[in-house]
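Student: My questions are about this predicted structure, shown below with the sequence.
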Amino acid sequence: MQFDWMVACYPGHGVHRDYPLLRGLDRGSVMDGVDAITGAGLEGLWVPDHFILGPEHEEFEVWTMLAALAERTDEVDIGPLVTSITYRNPALLAKMATTVDHLSDGRLRLGLGAGWHREEHHRYGYDFPSVETRFEMLEEGLEVLTRMFTEAEPTFEGEHYHIDGAYNQPPPVQDPYPPIVIGGASPRMLRLMARYGDEWNVEISARNRGPSISFKAKKLDEYLEAEGRDPATIERSWLGHIVVREDPTALEAICEEIFPLPWGEEEDIEDQLTAENAWEKGQMLIGTPAEVAERIEHIRGLGFEKLQVMFMDYPSREGVELFADEVMPEFQ
């Protein structure tokens, strides 16, 4: 099983609750964390595509960060989880992704999604169309990207995007192009995943809306087979939060620092997330090493062989080190 890290490049307890104890953002805090994570043996680094999530609105831009990570690291996967189709023309995005693929010697994984952060779009002057329109944009964007990656003089005319001989030279390092990771679990997203994706990622909101994740996984298999693709060839990854301590008293103490947290997305934040309901509401992995391992085994049993984690006690290294020493060996 592969374990990756969602890079801590936004602090605080705002809309996303990933790093509530991180009080500020600077180069040192990010790169020190990257070094600690790779030194602990995790195999991938992922960066969110947002501009203003934390309470202080501190955030580093995803593709600039990925270029820096490409130069900072040698072996780990890197990628956006996930980049929003609404923020960048897909032809430009193809050039950006190709550049990072070269800088990383072929380690990029290209995560894509339809976008969701309404306030971010409005504040930065982006249109925020209906979810159906954003799905249409993503579908066209995927077509543009794959053509940019594989054709000598790609041309496409769609409702939302068009290109006319848009060269992408040199082509990506990876053949035919960086693996495409699609985040989401709605029927439309699963169909797009089946047609274009190489890795299916599910995050909190995708797991907690509508049918169970096992049902969604079954539907994805059906859509893949309809596209003539073998479900066994598709990677499946799970984005999750971790709080781990050896001693239950220490675990209770760190949870008191972290919780409660706002729960929801943007305007629908109405509830509070606590240590007691964190597994039920968000499948957060909170407990001793044995308890965390047991819950990871449950996730693995659903067909997921990759876990992208956020250590909620960061910038402390205690959770990272304990996870690497006591939990990861159980899955190697």
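Tutor: That came in fine, so what should we check first?
Student: Can you name the element that comes right after the helix or strand that Leu145 is a member of?
Tutor: Using DSSP states H and E, Leu145 sits within helix 131-150. Using DSSP H and E, the helix or strand that follows helix 131-150 in sequence is strand 155-157.
Student: So which elements touch that next one?
Tutor: Applying 3 or more Cβ pairs under 8 Å, 6 or more residues apart in numbering; DSSP states H and E, we find strand 155-157 packed against helix 131-150, strand 162-164. Where you see a C-beta, it was placed from the backbone N, CA and C, and this is true even at glycine.
Student: Quick check: which helices or strands does the last one pack against?
Tutor: The one in question is strand 162-164. helix 131-150, strand 155-157.
Student: Recalculate using a threshold of 10 Å.
Tutor: If you count contacts as 3 or more Cβ pairs under 10 Å, 6 or more residues apart in numbering; DSSP states H and E, strand 162-164 packs onto helix 90-103, helix 131-150, strand 155-157.
Student: mind checking how far the second one is from the chain centre?
Tutor: The gap between the average C-alpha position of helix 131-150 and the chain average comes to 18 Å, counting by Cα atoms, centre = their mean, to the nearest Å.
Student: still on that earlier bit, need the helices and strands packed on strand 155-157 in JSON lines (columns: mean pLDDT).
Tutor: Listed next are the helices and strands packed on strand 155-157 as JSON lines, based on pLDDT from 0 to 100:
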{"stretch": "helix 131-150", "mean pLDDT": "98"}
{"stretch": "strand 162-164", "mean pLDDT": "98"}
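Student: From start to finish, how long is stretch 50-59 in a straight line?
Tutor: For stretch 50-59, the separation between the terminal residues is 7 Å (Cα to Cα, to the nearest Å).
Student: in that stretch, what's buried?
Tutor: Residues His50, Phe51, Ile52, Leu53, Gly54, Glu58, Glu59 are the ones in stretch 50-59 that count as buried (16 or more other Cβ atoms under 10 Å).
Student: the longest strand in the protein is where?
Tutor: strand 235-244 (DSSP state E).
Student: Rounded mean pLDDT for that strand, please.
Tutor: In this model, strand 235-244 carries a mean pLDDT of 96.
Student: and after it, which helix or strand comes next?
Tutor: Next in line after strand 235-244, if elements are assigned by DSSP H and E, sits helix 248-258.
Student: Give me the contact list for that following helix.
Tutor: 13, 17, 19-21, 241, 243-245, 247, 273-276, 278, 284, 286-288, 291, 312-313, 316, 318-319 (Cβ atoms under 10 Å, 6 or more residues apart in numbering).
Student: Name the SS class of the spatially closest residue to Val202 that is not a sequence neighbour, please.
Tutor: Spatial nearest neighbour of Val202, chain neighbours left out: Ala185 (5.5 Å); criterion: Cβ to Cβ, 6 or more residues apart in numbering. Of the three states, Ala185 takes coil under DSSP: H, G, I helix; E, B strand; the rest coil.
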